[in-house]
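J.: just coords:
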């Protein structure tokens, strides 16, 4: 039983990029296998859920939705979204590594040192969308590939999901590599019993040091990190299989159903069974209602880009 | 006899800014008293003369024309210019000081460290022009004043006409203040006999040091600087009075007609009399032929700004 739709983006011929502009009243819960989505709100707003997080997206805001994230969207009024999908198996980065990265790229969580990179992502998306919707023939497939790689480079260099101040310093490079190693290992072995001792040995570092080190990340502790990964995997089984809660708990490496409940509640703020039921009801009541506007958005984008240009140059001088 | 037209820009009500978009086949020699002009070429190209300099301006290029500069323009084909005038008597800077500044703000002479400021000037001009030509009511007079001040600040901070690498350092601040003092003094006393000794005493510095110091500027030597100022004043008398060459030579502080000729020839590449005759003939054959397009340029500017946005964001990634 697959509750969650798998949506394959319509990639431009011979490219790893898909560009779409749409207005949406509802998007039913779905995910995009091995694709990341850059979602930018051009007009209006919407509330959306990505995994355990509910939030709003307003005009001028960007969020990225990762390749395993289950997400849906609802809106009361007029809106317009620009969505860019990238096939993570076809970028300049190695999919075997990339698939374990966690990103945090959203306007509302953007830190001061990330602002410039965020602006560059939005500029590239708008430029790509304008060229695609008004003169699709103007960009060659090598150009589309370059746009993909530039977007991914900005994402990997500036928006990894760590609490790191400045990713360019040498200390942070090590910090970042270590965290990626640990996250990758955890995602590959979440079904097993993993201890902080094992990870410390793997990284040739002191156990206490590792513990302190993980406290500096968004996970706050080793236990929370490990169990986040397990809950994340559990969500997929909850929504796409008929397995019992006990089976899922065992499959995901929880030592008991009680711990599964506890950790799931901590992140998802609901129990596993409630989540499954909630989605069953939600999906039946919220079919996708969206309208593709890609090919009619050239004029709108031109107006939008002009306004953005003016807002930025006037903004710099306090108008 | 005034050969050179004095053109008063049409300043927006209660503001020190005038914005105009026009295509021009010919602009007869003219100048704008106490106004600086920022001239940006949107489309096509033109050849133009500003004082002793003849050059081309092409699409995407900017030049500024200073308040005493006599200038004219010719073009063979279709073109479109965006012109922003600022009344130098009404900016946040003191006219008593500002009137003696020399600027060098032109795309083709732009140094790497000036590139960002140049881009900001162009962005502000385009934004101001779009707002003015499409929604003139949108900007209040305080906003226009802020745009003026921002343009002047960029100009004064980044485009003074010195060979200075980085204007923000402390050494250069002193260098710059000293050069402004010397230039101001020279412009105020060019009719008199001025020696490098006098200037050195005025600035409390060693004469040799001052000489070395002036070599680092665009003037290359004290004599060249002083005589440039004299030639500049002579040009005004040549073109706007009936005075004889001897009278002008005396009025401008040249020790003899011979020296007047020599120095004039060095900068203007012609003799004083030839210049006067050349302008007489030129003006009779080149009346202004231009067409104001300010109020019909909204759509064009929108397209232009969008293209600029795309060119910049794609340019950054090598497309």
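T.: Arrived safely, thanks for sending. Everything quoted here is computed from the prediction, not taken from an experiment.

J.: all strands of chain A, in order?
T.: Secondary structure of chain A by DSSP state E: the strands cover A:5-6, A:17-31, A:35-43, A:45-50, A:53-58, A:62-65, A:71-74, A:80-87, A:289-292.

J.: Dump the ones you listed into a markdown table; add distance to chain B as well.
T.: To be clear about C-beta, it is placed using only N, CA and C from the backbone, and glycine gets the same treatment. Listed next are those as a markdown table, based on distance: least, C-beta to the nearest C-beta, whole Å:
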| stretch | distance to chain B |
| --- | --- |
| strand A:5-6 | 31 |
| strand A:17-31 | 13 |
| strand A:35-43 | 14 |
| strand A:45-50 | 24 |
| strand A:53-58 | 21 |
| strand A:62-65 | 14 |
| strand A:71-74 | 27 |
| strand A:80-87 | 13 |
| strand A:289-292 | 22 |
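
J.: Any idea what residue A:24 is bridged to?
T.: Beta-bridge partners for residue A:24, by DSSP bridges, are residue A:290.

J.: Mark out where each domain of chain A begins and ends.
T.: Per automatic domain parsing, the structural domains of chain A span A:7-161+A:288-315, A:170-284.

J.: winner for burial among those domains?
T.: Sort these by mean neighbour count, taking mean count of other C-beta atoms under 10 Å in any protein chain shown, and domain A:7-161+A:288-315 sits at the top with a mean of 18.

J.: nearest to residue B:170, of the domains of chain A?
T.: Closest to residue B:170 of the domains of chain A, according to C-beta to C-beta: domain A:7-161+A:288-315, at 27.6 Å.

J.: quick one: the closest one to chain centroid distance?
T.: Relative to its parent chain, domain A:7-161+A:288-315 has a centroid offset of 10 Å by C-alpha atoms, centre = their mean, to the nearest Å.

J.: now the strands of chain A as a markdown table including distance to residue A:216?
T.: Shown next, in a markdown table, are the strands of chain A (distance: least, C-beta to C-beta, whole Å):
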| stretch | distance to residue A:216 |
| --- | --- |
| strand A:5-6 | 36 |
| strand A:17-31 | 30 |
| strand A:35-43 | 26 |
| strand A:45-50 | 24 |
| strand A:53-58 | 22 |
| strand A:62-65 | 23 |
| strand A:71-74 | 28 |
| strand A:80-87 | 29 |
| strand A:289-292 | 41 |
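
J.: Identify whichever of those lies nearest to residue A:267.
T.: Between the strands of chain A, strand A:53-58 lies closest to residue A:267; by C-beta to C-beta that is 9.2 Å.

J.: How about residues contacting the closest one?
T.: If you take C-beta atoms under 8 Å, 6 or more residues apart in numbering or on different chains as the criterion, strand A:53-58 is touched by A:39, A:41, A:45-48, A:63, A:108.

J.: Output the below-cut-off pLDDT ranges for the stretch 101-250 of chain A.
T.: Where the stretch 101-250 of chain A drops to pLDDT under 70, the residues are A:136-139, A:163-169.

J.: again, only this time at 80
T.: For the stretch 101-250 of chain A, applying pLDDT under 80 flags the ranges A:135-141, A:162-175, A:213, A:216-219.

J.: re earlier: right, and the domains of chain A - which one's nearest residue B:237?
T.: Distance to residue B:237, taken as C-beta to C-beta, is lowest for domain A:7-161+A:288-315 among the domains of chain A, at 41.3 Å.

J.: First-to-last residue distance for the closest one?
T.: This stretch, domain A:7-161+A:288-315, spans 39 Å end to end (C-alpha to C-alpha, to the nearest Å).

J.: Just list whatever residues bridge to residue A:30.
T.: Residue A:30 has the following beta-bridge partners by DSSP bridges: residue A:5, residue A:71.

J.: before we move on, what about residue A:48?
T.: residue A:55, residue A:73.

J.: ok, the residue lying closest to residue A:49 once chain neighbours are set aside to residue A:259 distance?
T.: The shortest distance from residue A:49 to any non-neighbouring residue, by C-beta to C-beta, 6 or more residues apart in numbering or on different chains, is to residue A:72 (5.5 Å). Distance from residue A:72 to residue A:259, counting by C-beta to C-beta, to the nearest Å: 28 Å.

J.: Nearest to residue A:318 among the strands of chain A would be which one?
T.: strand A:53-58 (22.8 Å).

J.: For that closest one, give the mean pLDDT please.
T.: For strand A:53-58, the mean pLDDT works out to 93.

J.: Taking strand A:35-43 as reference, get the angle to it.
T.: When axes from the mean of the first three to the mean of the last three C-alpha atoms, to 10 degrees is applied, the directions of strand A:53-58 and strand A:35-43 differ by 40 degrees.
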